[in-house]
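Chemist: sequence? don't have it. structure:
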């Protein structure tokens, strides 16, 4: 997949089949649209093109909306989209100025002049341009003038899946990983750099990789202990992760700690990816470090069982 970040760098394509959206999380609803784009591009010997935006439009239009949590950073979105066989990804910087662009200008300047769109595929409720004024009905009515065809993913097809990024966010915020995994079509992931911690885990036999807190608006699942897969370099290893403030040692700051099973290498400064499989329990305060250690032994057994059953 070729990633393009400037309109002037977009290549000349013979038959661009295009879709547009934020694609936060690239969930199964998005995947239905992507699959249709790829299939139609193959049928016409054309090229599949995804237009997306960064930062998330809501963060620009409603800057006071600081509690918006996203399922994917732009780097994660690029990786997720590349896995579906998309040919070209155009990332448009979403600015205040861009938010004031009319739907007519978006169509003529970007879809027609820049991408030379031959077929545009959108979800049934997709709108674009200033105040979301652009609609499928407008596109269909003026398609001949613009020089490209328009296809809409039917409402029934999308509603039958019943997926939205909002539903996935709510599931993760409550520790409901089953729902999140089903809606995403994969495990939810978090990528961050390993930093030095206070090394308390080593003293009780469970050394952990402490992760830097991710970007401000990247969603962190509910506090608790999780069975996870950890990607270190090219290896994928079993692990158990704690998200919380470590109340047993009177902690107050949010920490992300992952104990990688049967692993004893120095990975400070490395970026690792954690895939959340199952929440084992919520965060709790123990009466002593010995009590915590006893519980961690149970958590480890539960982790091995959860990952073994996959």
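Modeler: Cool, the structure landed. What you are looking at is a predicted structure, and each value in this text was computed from that prediction instead of being measured.
Chemist: A helix includes residue 22, no?
Modeler: No: counting by DSSP: H, G, I helix; E, B strand; the rest coil, residue 22 falls outside a helix, being coil.
Chemist: surely it meets residue 57?
Modeler: Yes: proximity of residue 22 to residue 57 meets the contact threshold set by C-beta atoms under 8 Å, at 6.6 Å. All C-beta spots, glycine's among them, are computed from the backbone N, C-alpha and C.
Chemist: check contacts around residue 293.
Modeler: 204-206 (C-beta atoms under 8 Å, 6 or more residues apart in numbering).
Chemist: Please tell me how far it sits from residue 251.
Modeler: 17 Å (C-beta to C-beta, to the nearest Å).
Chemist: Check residue 187 too.
Modeler: Residue 187 is 27 Å from residue 251, where distance means C-beta to C-beta.
Chemist: what's the answer for residue 212, then?
Modeler: Looking at residue 212 against residue 251, where the rule is C-beta to C-beta, the gap reads 16 Å.
Chemist: Which one's more surrounded, those two?
Modeler: More neighbours sit around residue 251 than around the other of residue 212 and residue 251, counting by other C-beta atoms under 10 Å; the figures are 14 against 10.
Chemist: Hmm, the more buried one is touching residue 242, no?
Modeler: No: taking contacts as C-beta under 8 Å, residue 251 lies outside contact range of residue 242: 10.7 Å.
Chemist: Name the spans of the stretch 151-300 of the chain whose pLDDT lies under the cut-off.
Modeler: The model of the stretch 151-300 of the chain has pLDDT under 70 over residues 155-162, 198-203, 250.
Chemist: what comes up buried for the longest helix seen in the chain?
Modeler: Identified as the longest helix of the chain according to DSSP state H is helix 289-308. By neighbour count with 16 or more other C-beta atoms under 10 Å, helix 289-308 contains the buried residues 292, 296, 299-300, 302-303, 306-307.
Chemist: before we move on, what about stretch 172-192?
Modeler: Taking 16+ other C-beta under 10 Å as the neighbour-count basis, stretch 172-192 is seen to contain the buried residues 172, 175-177, 180-181, 183-184, 186-192.
Chemist: Would you double-check that residue 213 falls in a strand?
Modeler: No: under the criterion used here (three-state DSSP), residue 213 is coil, not part of a strand.
Chemist: Relative to residue 194, how far out is it?
Modeler: Taking C-beta to C-beta as the measure, residue 213 and residue 194 are separated by 13 Å.
Chemist: Those two: who's more crowded?
Modeler: residue 194 (19 against 13).
Chemist: Show me the buried residues of stretch 172-192 that map onto strands.
Modeler: Under the assignment DSSP state E, the buried residues of stretch 172-192 contribute 188-192 to strands.
Chemist: Please produce JSON lines containing the contacts of residue 293, extended by neighbour count.
Modeler: Converted to JSON lines, the contacts of residue 293 look like this (neighbours: other C-beta atoms under 10 Å):
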{"residue": "204", "neighbour count": "13"}
{"residue": "205", "neighbour count": "11"}
{"residue": "206", "neighbour count": "19"}
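Chemist: Those into TSV, with extra columns for distance to residue 151?
Modeler: Rendered in TSV, the data for these read as follows (distance: C-beta to C-beta, whole Å):
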residue	distance to residue 151
204	58
205	58
206	53
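Chemist: Out of those, which is nearest to residue 147?
Modeler: For those, the residue nearest residue 147 by C-beta to C-beta is residue 206; the value is 62.3 Å.
Chemist: how near is residue 12 to residue 218?
Modeler: With distances taken as C-beta to C-beta, residue 12 is found 36 Å from residue 218.
Chemist: swap that for residue 267, sorry
Modeler: For residue 267, the distance to residue 218 equals 20 Å [C-beta to C-beta].
Chemist: now residue 225
Modeler: Taking C-beta to C-beta as the measure, residue 225 falls 20 Å from residue 218.
Chemist: Those two: who's more crowded?
Modeler: Neighbours per residue (other C-beta under 10 Å) separate residue 225 from residue 218, with residue 225 holding more: 26 against 16.
Chemist: In terms of neighbours, single out the busier of residue 22 and residue 57.
Modeler: When neighbours are counted by other C-beta under 10 Å, residue 22 comes out ahead of the other of residue 22 and residue 57, with 18 against 15.
Chemist: list the contacts for that one?
Modeler: Counting by C-beta under 8 Å, 6+ apart, residue 22 touches 52-53, 56-57.
Chemist: got a list of contacts for stretch 79-94?
Modeler: With contact meaning C-beta under 8 Å, 6+ apart, stretch 79-94 is reached by 1-5, 7, 10-11, 13, 16, 23, 25-26, 31, 34-35, 37-38, 41, 47-57, 60, 72, 74, 78, 98, 110, 115.
Chemist: picking up where we left off before, gap between the longest helix of the chain and the chain center?
Modeler: Averaging C-alpha coordinates over helix 289-308 and over its chain gives two centres that are 29 Å apart (C-alpha atoms, centre = their mean, to the nearest Å).
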